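I'll drop the sequence and a predicted model, then ask my questions.
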Amino acid sequence: MSTLTTSPATSPVTPPSRAGHLAARVLTFLVLAVAAVAITAPFLWIFRGAFSGSDAELYRLPPTFHAENLTLRNFGQVTEQVPYFRFFLNSIIVSGTVTLAQLVTCSTAAYAFARLRFRGKGLLFAIVIGSLMIPIQVTIVPLFLVMSKLGMTNTLWALILPGIFSAFGIFLLRQHFMALPYELEEAAKIDGAGRFRTFARVILPLSGPSIATLGILCFTYWWNDLLLPLVMISDTERQTLPVGLVLLAGRFSTGSLGTIAAGIAMAIVPVLIVFIVAQRYIVQSIASSGLKL
């Protein structure tokens, strides 16, 4: 005599209601709105202070975001107190040169790690990735001693040479190169193209978003770098913009807040424009490289 076994009835899965979707979207919007306000509020306060006619307005608590007496006087005082445009030019030279150098060194090294086969490849790449865990504060003293032996301290070369190599840039571009199909290189090889021609004519044109992202991140980092110029440069005329902004505060931080805010506003406008124009390249590069932020 056989017995019949019946499986317990399963309750149907009810789809989430429209009200639940709406609540989730509203909650997401509120969280993003709060984050956007927290991020943009300091920048808005800086631009507000740059056009403020009185420092007393900037000491108010809670801070206000509307200026009562608008003026452009603070911008004129910036150029009167420090050689601001000389600092600006030095920052352009250092940031631009380092960015171009990194685009060359990182792209070629990343292509070698992604496509070539050679002895010790894995070990070398592990060393490159391991260098990301070493903060620059650890290497600043040995770096200063090396530049001193080479006679390059107090020159812009002391700021340019340490930045021509980037482990992060190699990792970023390597991830992108590995995502490209091998068939493209095989087709170029059949057409008689060598390694360098394949790299220049096939790989680089397809890597625009990743290369642009590396250039933006590199330029921004060296544009904002304060530690290396502060250690390497002793002549005021050879300083970069971040150090110049510190000089605006004065020896005992007695400088005008409006003048300091004007100097900061003038310094962040170029980087802000670059980010607004090229932010889509950053998103495309992060998506193609598999990085998670």
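Yep, that arrived.

compute the first-to-last residue distance for stretch 125-140.
Its first and final residues considered, stretch 125-140 spans 23 Å by CA to CA, to the nearest Å.

tell me the buried residues in that stretch?
By 16 or more other CB atoms under 10 Å, the buried positions in stretch 125-140 come out as Phe125, Val128, Ile140. C-beta here means a position set from N, CA and C on the backbone, and glycine is covered the same way.

the stretch 101-250 of the chain: helices as residue ranges?
121-130, 136-149, 157-160, 167-179, 182-190, 195-198, 208-224, 227-232, 241-248 (DSSP state H, counting those that start in this stretch).

can you put these in a markdown table and add mean pLDDT?
Converted to a markdown table, those look like this (pLDDT from 0 to 100):
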| stretch | mean pLDDT |
| --- | --- |
| helix 121-130 | 89 |
| helix 136-149 | 89 |
| helix 157-160 | 92 |
| helix 167-179 | 90 |
| helix 182-190 | 82 |
| helix 195-198 | 84 |
| helix 208-224 | 88 |
| helix 227-232 | 90 |
| helix 241-248 | 86 |
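
which stretch among the ones you listed approaches Val37 most closely?
Smallest distance to Val37 across the helices of the stretch 101-250 of the chain (CB to CB): 22.6 Å, for helix 208-224.

against which helices or strands is the closest one packed?
Contacting helix 208-224 under the criterion 3 or more CB pairs under 8 Å, 6 or more residues apart in numbering; DSSP states H and E are the following elements: helix 84-115, helix 167-179, helix 257-289.

next up, the contacts around Ala109.
By CB atoms under 8 Å, 6 or more residues apart in numbering, Ala109 lies in contact with Val128, Ile170.

and the nearest residue to Pro162 once chain neighbours are set aside, how far is that from Ser91?
Once flanking residues are discounted, Pro162 sits nearest to Leu143: 5.8 Å by CB to CB, 6 or more residues apart in numbering. Distance of Leu143 to Ser91, given as CB to CB, to the nearest Å: 19 Å.

neighbour-wise, which of the two wins?
Between Leu143 and Ser91, counted using other CB atoms under 10 Å, the more crowded position is Ser91 (25 against 17).

was I right to think that one contacts Gln239?
No: counting by CB atoms under 8 Å, Ser91 stays clear of Gln239, with 9.2 Å between them.
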